[in-house]
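Participant: Take this sequence and fold it.
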Amino acid sequence: MSRLNGKKVAFVLTDGYEDSELTSPWEALSAEGAEVTLIAPKGGEIEGKKGFQAPVDITTSEANANDYDALVLPGGVVNADHLRMDEAAVGFVRSFFENGKPVGVICHGAWILAEADVLKGRTITSYPSLRTDLVNAGADWVDQEVVVDEGLVSSRKPDDLPAFNKKLVEEIAEGMHKGQRA
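Facilitator: As a prediction, this is how the structure comes out:
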């Protein structure tokens, strides 16, 4: 039996995402039985910075965090910068923290966590250039391959994807985390 059968996982991103940071976790979670959904600010297709195109299942304004068990936030500078400006995306992300649900974030994807004001007292890693932004948002930033803090899984870059995927599967399999908070 796959560890994530029956789990619904939302991926939130937009154009300019880091291709492998969508495809690798998507494949890892799907292989474990998760039902994955791509959510973006606009419908149609989104395109990664290396040209990978993915169909959008639902928009951020239509999505409801109560319909999902976990959230994944891929990186990519353009993706992350545009996504944190989408109020519906920010509110959607914040809801996962308010409800104790697992969240995975890699690379620049962590910018939206600062915007959602969910980092106070949390330990996180990211692409190094986000360090100051995340520290200013209240996080304890560390430079590690993967960090797990009460259901929040974070990694720095595509090279970290194997460790990120492994921990992401574990945290989603565990389910709700009382320490996951907004």
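Participant: C-alpha from now on. contacts and neighbour counts both.
Facilitator: OK.
Participant: Okay, now the unreliable bits of this protein?
Facilitator: Applying pLDDT under 70 to the chain picks out residues 1, 178-182.
Participant: List the contacts of the most centrally placed residue in it.
Facilitator: Closest to where the C-alpha atoms of the chain average out (CA atoms, centre = their mean) is Leu73, at 2.2 Å. For Leu73, the contacting residues are Phe11, Val12, Leu13, Val103, Gly104, Val105, Ile106, Gly109, Ala110, by CA atoms under 8 Å, 6 or more residues apart in numbering.
Participant: Helix or strand: which one has Leu29?
Facilitator: helix 19-31 (DSSP states H and E).
Participant: among the contacts of Leu73, which are in helices?
Facilitator: Per DSSP state H, helices hold no members of those.
Participant: what sits against Ala28?
Facilitator: Ala28 touches Asn165, Val169, counting by CA under 8 Å, 6+ apart.
Participant: ok so, going back, export whichever helix or strand comes after the helix holding Leu29 to CSV, keeping only CA atoms.
Facilitator: Note on helix 19-31: by DSSP H and E, the next helix or strand toward the C-terminus is strand 35-40. Extracted C-alpha coordinates of strand 35-40, given in CSV (Å, rounded to 0.1, in the frame of the first residue of the first chain):
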residue,chain,number,x,y,z
GLU,A,35,-3.8,13.0,-5.6
VAL,A,36,-2.0,16.1,-6.8
THR,A,37,-3.6,19.4,-8.0
LEU,A,38,-2.0,22.3,-9.7
ILE,A,39,-3.3,25.7,-8.5
ALA,A,40,-2.3,29.0,-10.1
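Participant: Run the angle between strand 35-40 and helix 19-31 for me.
Facilitator: 150 degrees (axes from the mean of the first three to the mean of the last three CA atoms, to 10 degrees).
Participant: Name the surrounding residues that touch strand 35-40.
Facilitator: Taking CA under 8 Å, 6+ apart as the rule, strand 35-40 contacts 5-14, 26, 29-30, 46, 55-60, 63, 89.
Participant: Can you show me the helices along this structure?
Facilitator: Under DSSP H, the chain gives helices at 19-31, 77-83, 87-98, 111-115, 131-136, 161-174.
Participant: Now the last one: buried residues?
Facilitator: This means helix 161-174. Leu161, Phe164, Asn165, Lys167, Leu168, Val169, Glu170, Glu171, Ile172, Ala173 (16 or more other CA atoms under 10 Å).
Participant: Looking at those, spot the one nearest Val78.
Facilitator: Closest approach between those and Val78, by CA to CA: Leu161, at 19.5 Å.
Participant: mind listing what that closest one touches?
Facilitator: Glu21, Ser24, Pro25, Ser155.
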